[in-house]
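> Quick check, what structure comes out for this input:
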Amino acid sequence: MSDVGRVREKNEDSAVAIPEHSLFVVADGMGGHNRGDVASEICVESIRECYSDTRLMKEWKKMHSQHLLEANAGTVRHTFHEYRIFKAVEDANRQIYTTANQHAHLKDMGTTVVATAFTPSRVYIATVGDSRVYRIRESSITQLTEDHSLANEYIKMKILRKEDLPRFPFKNIIVRALGLSEYVKVDTLYRSTKPGDMYLLCSDGLTDLIPDERILELIESSETLDSACQLLVDAANAAGGVDNTTVLLVRTT
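Residues are numbered from 1 along each chain as shown. Prediction:
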């Protein structure tokens, strides 16, 4: 579910669910740049196209056999699934950057992204920016991604405390996004899944306004994924709706 909120005139978020690949993506176009809605749309469509590219498996096998994956952002991507989701986000960045440089009115457009791809026993995640992936398991909520934001950098440097975040004036400044340069560092990770897990992908229109504990309460109070998404969007709007809010919920079986 995606909602424009109560302040913005345009929804610059994009999301896609691709069941045949067990792939789910949320992208949040950057409101301070030109045409964030175009950037987020290019992002999700580029990732969709990459997952349909049958050449990727051959490419991964060749790189793996030649030990070339070690030089890829400093991380060895042992499995094809991790390489595939990394490559899809990397290609999205290049597509956004190229398009922006070809059209003056799109210059400097950018977007965040979180993408999840599921196998029978794992979830693979790729992220750039401050959109998030959470896991809800056994009445507990865990943030699986790390925000690429100025606030989080300050927290890691112990310049800022988490409890001071609501008063931090620059909490919406991100330090990494797709489309702003030809190359971008893409964080990837994977986690084991259990039947009944729920995974929430969301833009910061939700997390800037609703604390994690309240997110958990709203999801657990819902009978269906649809009703949970509605409650989350309603809560963000009730708290001010200062940004677009996009939420995508996945339950493993």
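
> How are the helices of the protein distributed by residue range?
Ranges of helices in the chain, per DSSP state H, are 36-51, 55-65, 80-102, 150-156, 204-207, 212-220, 225-238.

> what would those look like in TSV with mean neighbour count and distance to Ala15?
All C-beta atoms are positioned from the backbone trio N, CA, C, and that covers glycine. Formatted as TSV, the helices of the chain follow (neighbours: other C-beta atoms under 10 Å; distance: least, C-beta to C-beta, whole Å):
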stretch	mean neighbour count	distance to Ala15
helix 36-51	23	7
helix 55-65	13	23
helix 80-102	21	14
helix 150-156	16	23
helix 204-207	24	12
helix 212-220	16	17
helix 225-238	18	11
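
> Could you export the ones you listed as a markdown table, including distance to Gly5 and mean pLDDT?
Below are the helices of the chain laid out as a markdown table (distance: least, C-beta to C-beta, whole Å; pLDDT from 0 to 100):
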| stretch | distance to Gly5 | mean pLDDT |
| --- | --- | --- |
| helix 36-51 | 14 | 97 |
| helix 55-65 | 36 | 83 |
| helix 80-102 | 23 | 95 |
| helix 150-156 | 21 | 85 |
| helix 204-207 | 6 | 96 |
| helix 212-220 | 17 | 98 |
| helix 225-238 | 6 | 98 |
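
> Could you dump these into JSON lines and include distance to Val114?
What follows is these, written out as JSON lines (distance: least, C-beta to C-beta, whole Å):
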{"stretch": "helix 36-51", "distance to Val114": "11"}
{"stretch": "helix 55-65", "distance to Val114": "20"}
{"stretch": "helix 80-102", "distance to Val114": "9"}
{"stretch": "helix 150-156", "distance to Val114": "15"}
{"stretch": "helix 204-207", "distance to Val114": "11"}
{"stretch": "helix 212-220", "distance to Val114": "15"}
{"stretch": "helix 225-238", "distance to Val114": "15"}
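
> closest one to Leu178 among those?
If you check each of these against Leu178 by C-beta to C-beta, helix 80-102 wins as the nearest, at 4.3 Å.

> now the closest one and helix 36-51, what's the angle there?
Angle of helix 80-102 versus helix 36-51, following axes from the mean of the first three to the mean of the last three C-alpha atoms, to 10 degrees, is 140 degrees.

> Thanks again, I'm all set now.
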